[in-house]
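my questions concern the predicted model and sequence given below.
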Amino acid sequence: MKRERSIDKIVYGQWVDMGGMNIRQPLPSRQLEYLDPFVLLHHGHTIIDEDKPMNQAGVGPHPHRGFSPVTFVFTGGVHHRDSRQNNSKVYAGGTQWMNAGMGIIHSERPLEPEQEIIQMWVNSPAAHKMDQPAYFPLTREETPTVTSDDGRVTVYVISGELNDVKGTIPTLTPINAWTIYLQESGKIYLPLPATHNAFIYLLDGRVRISEQTEVNGKNMVVPANDGAGITLEALKETRALLMTGEPIGEKIVAQGPFVMNSEIEIMEAYRDFRKGKMGILIEE
């Protein structure tokens, strides 16, 4: 029998204010500054004020460079527009994966009054930080799935591979991204690549992990790199995001909307944004 990974850290998603929106942020935090190649996790669940126009809610045009901002939609929908003329609407169960590359401006507006999303920042290696930007939308219906033997767990394979089922979104480095829906008492074993860092973030519910630890929602669980995988058993109905990634092993500097390898590159990113080199996005 393969040894399962032990638990290294459990990090609670503390509230932070992001431009007037309250979101949960376990990464980065005092307990977990960086989990190579994962830079940031924001879990947001908002109800739009009925007096506020939908096209003024969410996040307006802003730039990125040097990483992939990835949005997993759990409730409602997201309208993505960017300075490369991408214009896409993705609803619950879908994903928006954008490689910001050399620089892009985008906005993300809600499509329904209630919205729940996770946004992940996935670092890009230095060799790809100045690539041309690329955008990949994926609907729930287009996402391959894996079902547990007991039929009570469904895993959506967005990128990477699980049990010979391959995700459709290409990544710059080896990344597994799976959204997991567990009914109460559902159980599943998930193999994790030996060289990858990994985490699982619980949006809600409660799970037992590898017969070791019981964890409630709003927590990020970081397994140690000492085993072949983990087993999840739902003590309550649970939704979760699990990601694994091959470490890049490069120094990073994250400042504002940019993730680069040096302070000079951050300064250059701000300069290029002000000069309009990342394009222009006018929402209509």
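Structure's in. What do you need?

return the helix or strand in the protein with minimum mean pLDDT.
Lowest by mean pLDDT, DSSP states H and E among the helices and strands of the chain is strand 14-18, with a mean of 89.

show me what that strand packs onto, helices and strands only.
Packing contacts for strand 14-18, counted by 3 or more Cβ pairs under 8 Å, 6 or more residues apart in numbering; DSSP states H and E, involve strand 21-27. C-beta coordinates here come from the backbone N, C-alpha and C atoms, glycine included.

ok, residues contacting the strand it packs on?
With contact meaning Cβ atoms under 8 Å, 6 or more residues apart in numbering, strand 21-27 is reached by 11-16, 32, 34-35, 38-44, 46, 199, 201, 218-220.

among these, name the buried ones.
11, 13, 32, 35, 38-44, 46, 199, 201, 218-220 (16 or more other Cβ atoms under 10 Å).

residue boundaries of the helices in the stretch 101-250 of the chain?
With DSSP state H, counting those that start in this stretch, there are no helices along the stretch 101-250 of the chain.

where does pLDDT dip in it?
Scanning the stretch 101-250 of the chain for pLDDT under 70 picks out nothing.

now for the nearest residue to residue 200 once chain neighbours are set aside: which residues touch it?
Among residues not flanking residue 200 along the chain, residue 242 sits closest, at 4.4 Å (Cβ to Cβ, 6 or more residues apart in numbering). Shown here is residue 242, whose contacts under the criterion Cβ under 8 Å, 6+ apart are 176, 177, 178, 179, 180, 190, 198, 199, 200, 201.

so the fourth one touches residue 155, yeah?
Translated: residue 179. Yes. With contact defined as Cβ atoms under 8 Å, residue 179 and residue 155 form a contacting pair (7.4 Å).

if I look at the nearest residue to residue 132 once chain neighbours are set aside, how far off is residue 260?
Spatially, and ignoring its direct neighbours in sequence, residue 132 is nearest to residue 101 (5.6 Å; Cβ to Cβ, 6+ apart). Applying Cβ to Cβ, to the nearest Å, the value for residue 101 to residue 260 is 12 Å.

check residue 100 too.
11 Å.

what do you get for residue 176?
Residue 176 sits 25 Å away from residue 260, going by Cβ to Cβ.

next one: residue 120
In terms of Cβ to Cβ, residue 120 sits 18 Å off from residue 260.

residue 179 now?
29 Å.

try residue 211
With the distance defined as Cβ to Cβ, residue 211 ends up 42 Å from residue 260.

those two: which is more packed in?
residue 260 (24 against 8; other Cβ atoms under 10 Å).

so for the more buried one, what's the pLDDT?
If you check residue 260, the pLDDT there is 98.

so it bridges to which residues?
residue 253 (DSSP bridges).

show the contacting residues for it.
Neighbouring residues of residue 260 by Cβ under 8 Å, 6+ apart: 65, 66, 129, 252, 253, 266, 269.

ok, residue 80 next?
Neighbour list for residue 80: 71, 86-90, 96, 98, 106-108, 135, 137 [criterion: Cβ under 8 Å, 6+ apart].
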